[in-house]
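1. Structure for this input, please:
(one chain, ligands or ions: 2)
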Amino acid sequence: MRGMKQLLSTVLALFVLAQPARAEWIERVEDGIMGTRIVVELWASDKAQGNAAIEAVLAEMRRVDEGMSTYKPTSELSIVNARAAQEPIEISAELFDLLSTALDYSRLTDGAFDITYASVGYMYDFRKHVHPDEKQIAAALPGINYRHVELDRKNSTVHFARPGVRVDLGGIGKGHAVDRGIAVLQARGIDRALVTAGGDSRIIGDRFGQPWVVGIRHPDRKDEVIARIPLEDAALSTSGDYERYFDENGVRYHHIIDPKTGHSASKVRSATIIGPTATRTDGLSKTAFVLGPEKAIEIYNRLDDIDAVLVTPEGKVLYTKGLAPPDTAK
Ligand code: ADP
Ligand code: MG
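-> Ligands and ions are numbered 1, 2, ... in the order given. Presented below is the predicted three-dimensional model:
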């Protein structure tokens with residue numbers, strides 16, 4: 001990450017020098033929204049307009065978080081979790097569409113991506129080093145199955161097919177928020193920008209003839225970059241077992257859960273997905289942890305608009321067919 005930053009700021013410094021005085025790159029780093037770090041970087045022809053655009057992106061992300069956080073008991077999603085097993089709950093078009101998109105990714109990934117992971121997942125607290133025991137997992141596991149989430153488009157409602165079902169959008173919400181942030185910028189006429197929320201980024205435009213360069217970090221050594229990816233008009237999501245975790249008796253408990261077992265999914269150390277939107281790359285980055293590199297690469301290779309870089313538990317770096325290692329493994 002630091003390597004990427006240094007590279008970006010060198011590139012940035014060069015371009016700032018080359019441009020007329022008023023127009024400039026503006027960057028903002030904001031911690032806290034959606035429990036993560038937000039970065040917005042854009043080229044603005046006017047500094048005040050650029051700063052106003054950044055404020056608008058942050059406001060949009062706070063709005064998304066208000067509706068979709070499971071940490072806020074008053075969020076629309078928390079109300080769904082509290083009541084949707086009893087009766088169909090009418091929800092906003094935005095939440096309906098994102099739940100519907102989440103179910104699409106479940107079907108696309110053989111159920112590896114499944115927002116009902118939370119039926120067991122809510123019992124983990126990675127900050128406090130808390131995990132459920134086998135009995136608790138066995139009791140809650142029947143609640144995990146994306147087919148339990150019944151959407152009725154005509155009435156814009158969601159209903160859970162059985163008690164004990166919970167959903168959590170932590171695996172796709174940041175991608176959605178990033179895409180919303182980009183839409184806010186585009187509506188203001190900004191055509192060169194980067195928006196990042198945690199592991200999810202999207203880029204519009206280039207850096208005046210140069211691509212943006214995004215680094216993928218080493219799973220254990222956070223200052224070491226294992227690959228640099230040049231990007232223009234693309235999104236990139238990285239999931240890693242080093243993001244939110246604790247180790248206990250030689251077992252790593254981390255925040256990506258295998259929907260079949262209710263345990264942390266450890267078939268890769270990290271997965272980076274490149275694609276057209278951050279919702280899409282976010283929705284696909286958990287899959288490799290659950291299904292393993294071979295099966296996941298098979299799925300990614302089937303999708304024309306997707307590329308991926310995976311780091312296996314042995315430290316091997318694997319690429320999908322669209323990324324030739326000689327160009328990217330430097
Ligand atoms: P980030 O939070 O930085 O975007 P990820 O994109 O890797 O990180 O998402 C991890 C989150 O995905 C977890 O914190 C959890 O909320 C959610 N999650 C965990 N397991 C699954 C799963 N099998 N399917 C869908 N979402 C999951
Ligand atoms: Mg994500």
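
2. Show me what Cys230 is bridged to.
-> That one is not Cys; residue 230 is Pro. Val213 (DSSP bridges).

3. ok, how many other residues are close to it?
-> Neighbour count for Pro230, taken as other C-beta atoms under 10 Å: 13. All C-beta spots, glycine's among them, are computed from the backbone N, C-alpha and C.

4. Is it in contact with Gly215, as I believe?
-> No - using C-beta atoms under 8 Å, Pro230 is not in contact with Gly215, being 10.8 Å away.

5. Next to ligand 1, which bits of the protein? Give me the list.
-> With C-beta under 6 Å from any ligand atom as the criterion, the chain comes near ligand 1 at residues 113-115, 117, 168, 170-171, 174, 198-200, 237, 239, 243, 255-257, 259, 282, 285-286, 290.

6. Thought Phe160 was touching Arg147, still the case?
-> No - the pair Arg147 / Phe160 is not scored as a contact, 10.6 Å apart, by C-beta under 8 Å.

7. Settle it for me: which of the two has more neighbours?
-> Neighbour comparison, Arg147 and Phe160: the larger count goes to Phe160, with 24 against 12 (by other C-beta under 10 Å).

8. Over to the more buried one: give its phi and psi.
-> phi -90, psi 130 (degrees, to the nearest 10).

9. Ligand 2 contacts on the stretch 201-330 of the chain?
-> Asp282 (C-beta under 5 Å from the ion).

10. tell me the helices in the stretch 201-330 of the chain, going along the chain?
-> Taking DSSP state H, counting those that start in this stretch to define them, one finds helices in the stretch 201-330 of the chain at 278-285, 287-291, 293-302, 325-328.

11. Of these, which stretch is the most buried?
-> For the helices of the stretch 201-330 of the chain, the largest average neighbour count (mean count of other C-beta atoms under 10 Å) is found in helix 278-285, namely a mean of 29.

12. gap between that one and the chain center?
-> Per C-alpha atoms, centre = their mean, to the nearest Å, the displacement of helix 278-285 from the mean C-alpha position of its chain is 6 Å.

13. Run through who's touching it.
-> 98, 101-102, 104-105, 108-109, 113, 171-176, 178-179, 182, 195, 199-202, 235-239, 271-275, 299-300, 303, 305-306, 308 (C-beta atoms under 8 Å, 6 or more residues apart in numbering).

14. Recalculate using a threshold of 6 Å.
-> Residues from elsewhere that reach helix 278-285, judged by C-beta atoms under 6 Å, 6 or more residues apart in numbering: 105, 113, 172, 175-176, 178-179, 200, 202, 235, 237, 239, 271, 273, 275.

15. ok, so of those, who is nearest ligand 2?
-> Asp200 (4.4 Å; C-beta to the ion).

16. Now do the contacts for the closest one.
-> Neighbours of Asp200 in contact, by C-beta under 6 Å, 6+ apart: Lys174, Gly175, Val178, Ser237, Ala278, Asp282.

17. could the helices of the stretch 201-330 of the chain be laid out in a markdown table, adding mean pLDDT?
-> Shown next, in a markdown table, are the helices of the stretch 201-330 of the chain (pLDDT from 0 to 100):
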| stretch | mean pLDDT |
| --- | --- |
| helix 278-285 | 98 |
| helix 287-291 | 98 |
| helix 293-302 | 97 |
| helix 325-328 | 54 |
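
18. now those as JSON lines including distance to Met123?
-> Converted to JSON lines, the helices of the stretch 201-330 of the chain look like this (distance: least, C-beta to C-beta, whole Å):
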{"stretch": "helix 278-285", "distance to Met123": "23"}
{"stretch": "helix 287-291", "distance to Met123": "18"}
{"stretch": "helix 293-302", "distance to Met123": "26"}
{"stretch": "helix 325-328", "distance to Met123": "39"}
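
19. Just tell me which of the ones you listed ends up closest to Arg153.
-> Closest to Arg153 of the helices of the stretch 201-330 of the chain is helix 278-285 (C-beta to C-beta; 18.5 Å).

20. Angles on the backbone of Ser75, please.
-> phi -70, psi 160.

21. What average pLDDT does the helix or strand containing Lys174 get?
-> Per DSSP states H and E: Lys174 is located in helix 173-187. Helix 173-187 carries an average pLDDT of 98.

22. what distance separates that helix from the centre of its chain?
-> For helix 173-187, the distance to the chain centre is 12 Å (C-alpha atoms, centre = their mean).

23. What helices and strands are in contact with the helix or strand that it is followed by?
-> Toward the C-terminal end, the helix or strand that comes next after helix 173-187 (DSSP H and E) is strand 193-197. Helices and strands touching strand 193-197, as assessed by 3 or more C-beta pairs under 6 Å, 6 or more residues apart in numbering; DSSP states H and E, comprise strand 37-44, helix 173-187, strand 200-204.

24. report the angle between the axes of the first one and strand 193-197?
-> Regarding strand 37-44 and strand 193-197, their directions subtend 170 degrees when assessed with axes from the mean of the first three to the mean of the last three C-alpha atoms, to 10 degrees.
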